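Trainee: Dropping a prediction and its sequence here:
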Amino acid sequence: MAKKLFIDMTKCRECEECTVECVYDHHPVNRGLKSLLETASFQFTCRRCQDAPCIEVCPAEALERNKEGIIERALNLCIACKSCVAICPFGTLMTQFFDFKAPKCDLCNFDEMASSLRCMETCPKHALTLTEQEPDESKYIFELNDKVVVKEYAWEKLK
């Protein structure tokens, strides 16, 4: 069974500002975890409002729905004004997503021999672990991609 990064988003929401560090040679202050949290929030937490006030309020037209109805943010357009955060009636978006520089997580290319990652060691809420946990909807654990599973109380029951 392959190891995956387990992100407990219920613990992440307890922090006002993510202080997790990561190792990224070309961008030492990169907070790559934020990109994973944003993707997971749009995919699992977002209630996909029919009128999508977050899209309507964005002055830079940086938000749009993809063909699956999931909101995506164009990092090259976003001006980090956080209007979408303020108008979301369900508090889906976290202000920590909106750094001026776009964060990116490469998962440190961890393998089966990995026992810890820098982000795991620096997370004050211990929201990150390596696991062999498989997705389990009954425990609110969903697959974000082939190397990441997320615990989040998803709005919509996923298939």
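Mentor: Now that the structure is in, tell me what you want to look at. Here the structure is a predicted model, which means the values were calculated and not measured.

Trainee: in stretch 140-153, what's buried?
Mentor: Under the neighbour-count criterion of 16 or more other Cβ atoms under 10 Å, stretch 140-153 has 140-144, 148-152 buried. C-beta coordinates here come from the backbone N, C-alpha and C atoms, glycine included.

Trainee: For P89, state which of these is nearest.
Mentor: Top of the list for closeness to P89, among the buried residues of stretch 140-153 and by Cβ to Cβ, is E152 at 18.1 Å.

Trainee: how about the closest one, what does it touch?
Mentor: 9-10, 40-41, 44-45, 140, 142 (Cβ atoms under 8 Å, 6 or more residues apart in numbering).

Trainee: Please name the residues that touch F110.
Mentor: 3, 5, 117, 130, 147.

Trainee: quick one, phi psi at it?
Mentor: The phi and psi torsions at F110 (degrees, to the nearest 10) take the values phi -70, psi 150.

Trainee: Also K4?
Mentor: With angles defined as degrees, to the nearest 10, K4 sits at phi -140, psi 160.

Trainee: And it, how close does it get to A40?
Mentor: Distance, K4 to A40, using Cβ to Cβ, to the nearest Å: 13 Å.

Trainee: and for those two, which residues touch both?
Mentor: Common neighbours of K4 and A40, using Cβ under 8 Å, 6+ apart, are V148.

Trainee: for the chain, what's the longest helix?
Mentor: Counting residues, the longest helix in the chain under DSSP state H turns out to be helix 33-40.

Trainee: buried ones in the helix or strand following that one?
Mentor: Heading C-terminal from helix 33-40, the first helix or strand you meet, by DSSP states H and E, is helix 53-57. If you call a residue buried by 16+ other Cβ under 10 Å, then helix 53-57 has these buried ones: 54-55.

Trainee: After helix 53-57, which helix or strand is next?
Mentor: Under the assignment DSSP H and E, the closest C-terminal helix or strand after helix 53-57 is strand 63-65.

Trainee: so what secondary structure elements neighbour that next one?
Mentor: helix 53-57, strand 71-73 (3 or more Cβ pairs under 8 Å, 6 or more residues apart in numbering; DSSP states H and E).

Trainee: and the residue nearest to E72 when sequence neighbours are not counted, how many neighbours?
Mentor: Nearest non-adjacent residue to E72, counting by Cβ to Cβ, 6 or more residues apart in numbering: N66, 5.4 Å away. If you count neighbours by other Cβ atoms under 10 Å, N66 ends up with 9.

Trainee: repeat for the one 5 residues further on
Mentor: By other Cβ under 10 Å, the residues close to I71 number 22.
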